[in-house]
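> Provided below for reference: sequence and predicted model.
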Amino acid sequence: MTKELQIDLRAILSREDEVWLAHCLEMDIVAEGNTPREAVQDLIDLCTFQIETAIEHHDLASVFRPAPPEVWIQFFSSKKKKQLRHHKGPVKTVEGRELELI
């Protein structure tokens, strides 16, 4: 079923010290990496695992628990970055936006 399921996700990217964080808005999952791309790839891996596990347990509804409102506000008020396409598993694309700290 995961090959049939294709979803688009959004993520806010931010830097904390030497680490980049990617926070998925639709699933409220956070991953980290040394670069923004690495953080997003780790986020895709975590989201894929979460979705596939939910499908195995017939509990897909448990996957979609959105991030808090302030994270959504940060996303929509941030600079749009490149959309990453993912060609395997349930995650089709991730639109990443970088949080600009003032």
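Done, it's in.

> outside of the helix or strand bottoming out on mean pLDDT in the chain, which residues touch it?
Lowest by mean pLDDT, DSSP states H and E among the helices and strands of the chain is strand 79-85, with a mean of 71. By CB atoms under 8 Å, 6 or more residues apart in numbering, the surrounding residues in contact with strand 79-85 are 13, 36-37, 40, 44, 92-98, 100. Quick note: C-beta positions are derived from backbone N, CA and C, even for glycine.

> what lines up beside the helix or strand just after it in the sheet?
Per DSSP states H and E, the first helix or strand lying C-terminal to strand 79-85 is strand 91-98. Strand 91-98 has its sheet partners listed here by DSSP bridges as strand 7-16 (parallel), strand 79-85 (antiparallel).

> Let's have those in a markdown table, adding mean neighbour count.
As requested, the strands paired with strand 91-98 are exported to a markdown table (neighbours: other CB atoms under 10 Å):
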| stretch | mean neighbour count |
| --- | --- |
| strand 7-16 | 19 |
| strand 79-85 | 12 |
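
> Tabulate the contacts of strand 79-85 (TSV), appending distance to Pro68.
Below are the contacts of strand 79-85 laid out as TSV (distance: CB to CB, whole Å):
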residue	distance to Pro68
Leu13	17
Pro36	21
Arg37	25
Val40	20
Ile44	21
Lys92	24
Thr93	23
Val94	19
Glu95	19
Gly96	18
Arg97	16
Glu98	19
Glu100	19
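
> from those, which is closest to Trp20?
Of all these, Trp20 sits closest to Pro36, with 5.0 Å by CB to CB.

> most neighbours, which of the contacts of strand 79-85?
The residue in the contacts of strand 79-85 with the most neighbours, by other CB atoms under 10 Å, is Val40 (25 neighbours).

> Leaving out the residues flanking it, which one is nearest to Leu60?
Nearest residue to Leu60, sequence neighbours excluded (CB to CB, 6 or more residues apart in numbering): Ala54, at 5.0 Å.
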